[in-house]
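Chemist: From the sequence below, what's the structure:
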Amino acid sequence: MKAGVLHAKDDIRYEEIATPVALKGEVLVKVMATGICGSDLPRVLGDGAHFFPIVLGHEFSGEVAEIGEGVTSVKVGDRVAGVPLVPCLKCDDCQKGDYSLCKHYSFIGSREQGSFSEYVKMPEKNVVKFDDSVPFEQGAFFEPATVALHGLLCADYRAGEDVAILGGGTVGMFTAQWAKIFGAKRVFVFDIDNDRLALAKRLGADETINTLDKDFRQQIDRLTNNKGFGFVYETAGVDVTMKLAFEIAGNKASVCFIGTPTKDLVFTPKLFENMNRKEFKLTGSWMSYSAPFPGKEWALTAHYFSTGALQFDSSFIFKKVPLSNIKDAFDMFKVPGTVKGKVLIVND
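Modeler: Coordinates of the predicted model:
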């Protein structure tokens, strides 16, 4: 088969490698679409790869091409999304159902061969069927959708509260939709891009606020009657929004950091004291799994994608690039600000 094989830093080649075979308990998937994740960039363009050569890619959908002995949950021809985490199932965290925290995990597309290829194999438990009405391009967005829902649940989400989503990227858009699906009083999306805010409105956000507006804090006070928000989800992983979360959280609120910071973050004592004075709960969120593996995050994404309640917008996709041009796809990321949205690697 053909694959995009990473041989060294910034050396990804479209070449022929052996097609994997589905062994006992495994499924071979013909890959149709794979998203380039932000975590793939340091592996290809930096020094983040675990070993060479490696086939990366972990946000993918496709069609079951072959099933190994004993596989019963899927059949050849089923449309499936790939679940990239392969937990050990033996450590204390796995035994508690906290698979995201497994200390001995493997991961399709970083620690073992991934989906920048024509075919990828995985354990039976790592495929999730989805409805024939869901396009493969949308199926490649399962992982960001499940990351959003996992973050929602990490903060012990409950209905009936005003919810703030800080960051209007793909994960932010899904987090906003999950909050609506599960009964938010109102959902507010914050961003600095009016096009993203307009998309948030189309996807059901009740209010949008551009934080470049000089009076945006006054807008918050007016719209929340000076109470702030019951739930705050930070999805951008940047200094400004992570600090803003501490400011706009209401008394006894829950704040969840879904976004992953990449730079040093310094809080003033006064800003940090908001957590004490408001007695809000602060938590992080990592990946997207629960018991029974891979968890309700994946089952509910399959369900709400099929009903249309969890909406997918074509603007989530910045560009679709054939697997044969995978190097060109990564070259686009070398110029900051060029890529606005998800780059999908597609197979014909």
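Chemist: residue ranges for the strands of the stretch 201-348 of the chain, please.
Modeler: Remark: strands assigned in the stretch 201-348 of the chain by DSSP state E, counting those that start in this stretch are 207-210, 229-234, 249-257, 281-284, 317-322, 342-346.
Chemist: Report the mean confidence score over the fourth one.
Modeler: Across strand 281-284, pLDDT averages out at 98.
Chemist: List the buried residues for it?
Modeler: Leu282 (16 or more other C-beta atoms under 10 Å). To be clear about C-beta, it is placed using only N, CA and C from the backbone, and glycine gets the same treatment.
Chemist: State the distance from the residue sitting nearest the centre point of the chain to Gly341.
Modeler: For the chain, Pro144 is the residue whose C-alpha lies nearest the centre (C-alpha atoms, centre = their mean; 2.1 Å). Taking C-beta to C-beta, to the nearest Å as the measure, Pro144 falls 12 Å from Gly341.
Chemist: shared neighbours of those two, which are they?
Modeler: The contact sets of Pro144 and Gly341 overlap at Thr170 (C-beta atoms under 8 Å, 6 or more residues apart in numbering).
Chemist: residues touching Ala205, list them.
Modeler: 165, 176, 180, 187-189.
Chemist: please redo it, this time with the cut-off set to 6 Å
Modeler: 176, 187, 189 (C-beta atoms under 6 Å, 6 or more residues apart in numbering).
Chemist: Also Pro261?
Modeler: Gly237.
Chemist: cutoff 10 Å now
Modeler: 234, 236-239, 241-242 (C-beta atoms under 10 Å, 6 or more residues apart in numbering).
Chemist: Pipe those residues into TSV and attach pLDDT per row.
Modeler: Shown next, in TSV, are the contacts of Pro261 (pLDDT from 0 to 100):
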residue	pLDDT
Glu234	98
Ala236	94
Gly237	93
Val238	94
Asp239	94
Thr241	97
Met242	97
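Chemist: Among these, find me the one that's closest to Phe316.
Modeler: Closest approach between these and Phe316, by C-beta to C-beta: Ala236, at 15.9 Å.
Chemist: Quick check: the gap between the closest residue to the closest one other than its chain neighbours and Ala81.
Modeler: Nearest residue to Ala236, sequence neighbours excluded (C-beta to C-beta, 6 or more residues apart in numbering): Gly167, at 3.2 Å. Gly167 sits 23 Å away from Ala81, going by C-beta to C-beta.
Chemist: Between these two, tell me which one has more neighbours.
Modeler: The neighbour comparison of Gly167 against Ala81 (other C-beta atoms under 10 Å) goes to Ala81, with 30 against 26.
Chemist: helix or strand for that one, which one?
Modeler: Applying DSSP states H and E as the criterion places Ala81 in strand 79-82.
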